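Colleague: Here is my input; please provide its structure:
(chains A and B)
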Protein chains: 2
Amino acid sequence: MNTPIAEIFSQGEEVISGQVADTNAAWLSQQLAQMGFSISRHTAVGDKLQDLADLLDEISLRADLCICTGGLGPTVDDLTAEAVARAFKSPLQLDLIALEQIESYFTKRNRMMADSNRKQAYFPKGSVRLDNAVGSAPGFAIRNKRCWFIFLPGVPSEMRHIFNELVKHQLNNQFVLQRSKLIAIKSIGIGESDLQQKLNDYSLPSTAELGFRATADEVQTKLLFDASTPESEINVCVEQVAKMIGDSVYAIDDLNRSSSDLISVINQLMQDNNYTLSILETISQGLIAAKCIGCDWLQASSYSQSMELASEAESVANALRQRYGSDIVLVQLKKQMDHKEESIDLSNTLLTPSGMFQETVRVTGTISRKQNQAAIKALDLLRRYLQNRCANKKVTIYK
Amino acid sequence: MNTPIAEIFSQGEEVISGQVADTNAAWLSQQLAQMGFSISRHTAVGDKLQDLADLLDEISLRADLCICTGGLGPTVDDLTAEAVARAFKSPLQLDLIALEQIESYFTKRNRMMADSNRKQAYFPKGSVRLDNAVGSAPGFAIRNKRCWFIFLPGVPSEMRHIFNELVKHQLNNQFVLQRSKLIAIKSIGIGESDLQQKLNDYSLPSTAELGFRATADEVQTKLLFDASTPESEINVCVEQVAKMIGDSVYAIDDLNRSSSDLISVINQLMQDNNYTLSILETISQGLIAAKCIGCDWLQASSYSQSMELASEAESVANALRQRYGSDIVLVQLKKQMDHKEESIDLSNTLLTPSGMFQETVRVTGTISRKQNQAAIKALDLLRRYLQNRCANKKVTIYK
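Modeller: You can find the predicted model right below:
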């Protein structure tokens, strides 16, 4: 069986001029690789009609699938549909259902639809509309020569939504795909090189590959298994690797399903226990609360410039519990006054139904990185408490 | 004079598989655009030799300059030099000076040079070496047909270093370049299509191009002027366009300088006036405070689930002013109770030294989008107050 070849194509002056890095191409490549496509090329072009048409023509001959983002907006520099019409000799036609959807998008928001938005309802003849439930620009799909083309909006949230809701399913029906299986073991609190050292002596099955990926929030230990690997062998391997990493693991993702982040893990545990939370933030300055958006168990959060030292943590926590009646109180305080330092030590205090837990953590880097690290590390203390409490295990506290 | 056409080409499985977004391409594009090149394409391919050679061949015919990153390392998947040799029929030759440099790179670091590193000293016949003062892999440059190719390492810091120290200067000597000027007029509160309609009747100078770019936070109205446009004409045009957009404009960026975001504009105005601020957040749930990271004028911020209705805005604002002694108090309250609605109306109240301002804003979309919109719109009320106060103008309040 031949692996189908996919290309990614991005349209927009903001990509080609370097104002934004092309994160859409990276995200789509990850999705397609996981589904079993072989990705051969990314291309980005600006808003010159002939450049666009030429490129579409080239891709028609050498790929089985091409996903294109951008250029579906209402303005004069949004040329994708026109370029497709020219390259594939498929004249633009008004799609009345699309027009209705665009109109209702504006009506629902109490806004007038500008005349220029009508343009977004015109698609090349022979194309299939891809409804956009979260924005004004619908996408579309069309075949030309060897290649099946899918056109999606350039706004990342809309692009991802349409891909997840509509495109993924269609591609799985349309192509014969053999997916290798990618498992991501997500951890907080251990660096990439320390993880690598922990796993040095472990001998992986011959059908598996090991990789790491560090982000600002976490490190992922990635295990990629051939399609031929038996499920039982995968499970044993993942379990062993997770055990070697230890309590820093907060989630294990089968990346074919939707992935879990720290907040979604905490959200589930808080709901299961029917707990409520109130927070006092210092260095994270509102970011813990902001990350908990949509979580009804967060009762209150406050930041105050004047309250910054760790000596009073316990009484502050008790006062918050009394004021809001929260089951859990998280208090983040500084251990030293000057926050212009290269590194800051923070004291996180967690008041819970089963007692008080305290740990000191260090944050470094730019002020934004310190802010994010402070939020993540405080939330991770809460996560360890919740996960271990549910498993009746002792909570790991970092020194 | 014709503007020289440049392309960017990235080699590496980590780009093509989506593990990293191609930030090298974005950075190089910005540099080249500012120098006066017209960038027509970005392409990324993996580590298949024939794919690489084919692409180099294509680019030779259609661009005047191509900057390529990646694939210069010591391992088997680093194929760039070999692909060049094949595509341009220029066999690889050992460069003794390069070999010496690579050896001394390792000697200086007390490390043994692996045999595989010798490979990095082989360049296609006819190429010019580009010394790498900060890493082990030198780059090189070579002409093929119409195009001047420059090959740089994929490690961003090394790539940027060689570009800044060697390449920039060479390109300025080698090409006749005229820098065009890009101005971005940044606004909040008007959509892309409404902006276009506002500007429909305005006749731009013939040397200018108009474009738009919408992000989650703002819309940029972009004016690109030919190098031939007199400075005075640029200034008149920018001023007129900004005036037509009106009070929604919060900043005008000359993109050759560093760009200003909403927070940096507010930060400057707060500092200039020596003002302090305290905030009550509802829907934005800590995000206003989190966005103000590094701003010493933010005295306090709180979020509480129970305080959600707009009727009490004035007394809440007065209580906050009394408690923290802040010059300005921003209170964001909901106008209806159920926040699971598709759209939420918020009442923003700004208590200032020159009186109280209130406006109602609507936020829509996913819960995260609502959160961000709520934060941006509250901050923008503060921005309008500060900008207009300094200009002794009336504050525009949206109905």
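
Colleague: Stretch A:82-91 near chain B anywhere?
Modeller: No: using C-beta under 8 Å from any C-beta of the partner chain, stretch A:82-91 stays clear of chain B, coming no nearer than 14.1 Å. For glycine as for every other residue, the C-beta is placed from the backbone atoms N, C-alpha and C.

Colleague: Please state the offset of that stretch from the chain centre?
Modeller: 34 Å (C-alpha atoms, centre = their mean, to the nearest Å).

Colleague: Go through that stretch and flag the buried ones.
Modeller: A:82-88, A:90 (16 or more other C-beta atoms under 10 Å in any protein chain shown).

Colleague: what does stretch A:128-146 give?
Modeller: A:129-130, A:132, A:134-142, A:144.

Colleague: Let me have the residues you listed in JSON lines, adding distance to B:D261, pLDDT and secondary structure as columns.
Modeller: Listed next are the buried residues of stretch A:128-146 as JSON lines, based on distance: C-beta to C-beta, whole Å; pLDDT from 0 to 100; DSSP: H, G, I helix; E, B strand; the rest coil:
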{"residue": "A:R129", "distance to B:D261": "36", "pLDDT": "95", "secondary structure": "strand"}
{"residue": "A:L130", "distance to B:D261": "33", "pLDDT": "96", "secondary structure": "strand"}
{"residue": "A:N132", "distance to B:D261": "28", "pLDDT": "91", "secondary structure": "coil"}
{"residue": "A:V134", "distance to B:D261": "24", "pLDDT": "87", "secondary structure": "coil"}
{"residue": "A:G135", "distance to B:D261": "23", "pLDDT": "85", "secondary structure": "coil"}
{"residue": "A:S136", "distance to B:D261": "25", "pLDDT": "83", "secondary structure": "coil"}
{"residue": "A:A137", "distance to B:D261": "25", "pLDDT": "83", "secondary structure": "coil"}
{"residue": "A:P138", "distance to B:D261": "31", "pLDDT": "91", "secondary structure": "coil"}
{"residue": "A:G139", "distance to B:D261": "30", "pLDDT": "95", "secondary structure": "strand"}
{"residue": "A:F140", "distance to B:D261": "34", "pLDDT": "96", "secondary structure": "strand"}
{"residue": "A:A141", "distance to B:D261": "36", "pLDDT": "97", "secondary structure": "strand"}
{"residue": "A:I142", "distance to B:D261": "38", "pLDDT": "97", "secondary structure": "strand"}
{"residue": "A:N144", "distance to B:D261": "41", "pLDDT": "96", "secondary structure": "strand"}
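
Colleague: Within reach of chain B, which of the residues you listed are there?
Modeller: Answer for the buried residues of stretch A:128-146 near chain B (C-beta under 8 Å from any C-beta): A:V134.

Colleague: so which of the buried residues of stretch A:128-146 would you say is closest to chain B?
Modeller: A:V134 (6.8 Å; C-beta to the nearest C-beta).

Colleague: so where's chain A uncertain?
Modeller: Residue ranges of chain A with pLDDT under 70: A:1, A:255-259, A:307-310, A:337-341, A:390-392, A:398-399.

Colleague: mind giving me the domain split of it?
Modeller: A:5-174, A:181-254, A:262-390 (automatic domain parsing).

Colleague: Figure out which of these is closest to B:D201.
Modeller: Smallest distance to B:D201 across the domains of chain A (C-beta to C-beta): 13.4 Å, for domain A:5-174.

Colleague: how far does the closest one sit from the chain's center?
Modeller: That offset, for domain A:5-174, works out to 21 Å (C-alpha atoms, centre = their mean).

Colleague: out of the buried residues of stretch A:128-146, what pair is the most spread apart?
Modeller: So, the buried residues of stretch A:128-146 by C-beta to C-beta: farthest apart are A:V134 and A:N144, at 27.6 Å.

Colleague: ok, and the closest non-adjacent residue to A:Q31?
Modeller: Distance criterion C-beta to C-beta, 6 or more residues apart in numbering or on different chains; nearest residue to A:Q31, sequence neighbours excluded, is A:F163 at 6.6 Å.

Colleague: that's a helix at A:A227, yeah?
Modeller: No: counting by DSSP: H, G, I helix; E, B strand; the rest coil, A:A227 is not found in a helix; it is coil.

Colleague: That one against A:R179, yeah?
Modeller: Yes: counting by C-beta atoms under 8 Å, A:A227 does reach A:R179; the two are 6.3 Å apart.

Colleague: Between these two, point out the one with more neighbours.
Modeller: A:R179 (15 against 11; other C-beta atoms under 10 Å in any protein chain shown).

Colleague: OK, contacts around that one?
Modeller: A:34-36, A:227, A:256 (C-beta atoms under 8 Å, 6 or more residues apart in numbering or on different chains).

Colleague: Rebuild these as CSV, extending it with secondary structure.
Modeller: Shown next, in CSV, are the contacts of A:R179 (three-state DSSP):
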residue, secondary structure
A:Q34, helix
A:M35, helix
A:G36, coil
A:A227, coil
A:N256, coil
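
Colleague: helices and strands around the strand or helix carrying A:N348, which ones?
Modeller: In this assignment (DSSP states H and E), A:N348 forms part of strand A:343-352. With contacts defined as 3 or more C-beta pairs under 8 Å, 6 or more residues apart in numbering or on different chains; DSSP states H and E, the packing partners of strand A:343-352 are helix A:313-324, strand A:328-334, strand A:355-364, helix A:367-390.

Colleague: Let me see the ranges of the helices in the stretch 1-150 of chain A.
Modeller: A:13-16, A:23-35, A:49-62, A:80-87, A:96-108 (DSSP state H, counting those that start in this stretch).

Colleague: out of those helices, which comes closest to A:D261?
Modeller: The nearest among the helices of the stretch 1-150 of chain A, by C-beta to C-beta, is helix A:23-35 at 15.1 Å.

Colleague: Need the residues that contact the closest one.
Modeller: Here helix A:23-35 has contacts from A:6, A:8, A:10, A:39, A:42, A:44, A:65, A:67, A:69-70, A:154, A:156, A:159-160, A:163, A:168, A:171-172, A:177, A:179, A:182, A:255-256, B:15-22, B:44, using C-beta under 8 Å, 6+ apart.
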